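Chemist: sequence plus predicted model, see below.
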Amino acid sequence: MHMNVAPHLLTEDRAEYERILDDALSTAHARPDLDGVGTRLTAAQLRAMAMNATALITTAAASEYDHFVKVREQNRTLTPPRTPPVDPDAGTGAGVVAIVTVMVPVLAGTAAAILLLVGAVLHAFTPTVVFGETLLTAGLVFAALAAAGLLSAGAGLLLTALRNRPAAADGPTPADDELALAREAWRRALLERGLLPFLRDALAAVGPPDTPNP
């Protein structure tokens, strides 16, 4: 599909132009001045005409667009993309710590289960043998170690989640508000001074449809 883009309309804003055009055509039934859509010209025909006349249409909102682009560039300069700080020591060491944190509760829990089971069996069948009680005691120690490991892992996950919270949670900045206002001003000017007058003129140039003779 060919699109004659105005020199000042940047590539990243072409899709926005098409969205505004499509919105105007989809709501044409609610605009009395566009009641000829579908009878004099179809929406597809009007869309093709408006796409080919983009350079002319966008000129009507050139001042608002220039202001919008200026504010956007200033906003990008003042607020560069946020990247998490890189810890030069967080390579292999961090991976080993994470593995140990995960494996300790698992291994301790497994050892506790085995020791408690074997100790309970020995104590049940040979209550006079001290080794059974020793195994039970060791099993309780490993169970406590597993519980401590689980608590440590949970605390580590919580700290990591808090540290990696998105910075956007702080809310919009004044620069973001100014950018939103500039974008909305351009959209409104493009619609009211560019697209709608063009569509009305296109419909008027065609004239009303011929009525059949009785």
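Modeler: Yep, it's here. Numbering: from 1, shown residues only.

Chemist: so for the helix or strand of the chain with the lowest mean pLDDT, what gets flagged as buried?
Modeler: Every helix and strand in the chain was compared by mean pLDDT, DSSP states H and E; the lowest is helix 92-125, with a mean of 72. Across helix 92-125, burial judged by 16 or more other C-beta atoms under 10 Å covers 101, 104-105, 108-109, 111-112, 115-116, 118-119, 122-123. The way it works is simple: take the backbone N, C-alpha and C, and place the C-beta from them, glycine included.

Chemist: and residue 134, how many neighbours?
Modeler: 14 (other C-beta atoms under 10 Å).

Chemist: and after the helix or strand where it lies, which helix or strand comes next?
Modeler: Using DSSP states H and E, residue 134 sits in helix 130-163. The helix or strand immediately downstream of helix 130-163 is helix 174-189, counting by DSSP H and E.

Chemist: which strands and helices sit next to that following helix?
Modeler: Contact here means 3 or more C-beta pairs under 8 Å, 6 or more residues apart in numbering; DSSP states H and E; on that basis helix 174-189 packs against helix 62-78.

Chemist: now the helix it packs on: buried residues?
Modeler: Burial within helix 62-78, assessed by neighbour count using 16+ other C-beta under 10 Å, is assigned to 62, 64-65, 68-69, 71-72.

Chemist: could you list the domains of the protein?
Modeler: Segmentation of the chain into domains, based on automatic domain parsing, reads 11-81+186-206, 92-163.

Chemist: which of the ones you listed sits closest to residue 174?
Modeler: Across the domains of the chain, the minimum distance to residue 174, taken as C-beta to C-beta, is reached by domain 11-81+186-206, at 10.0 Å.

Chemist: quick one: end-to-end length of the closest one, please.
Modeler: Domain 11-81+186-206 has an end-to-end distance of 32 Å (criterion: C-alpha to C-alpha, to the nearest Å).
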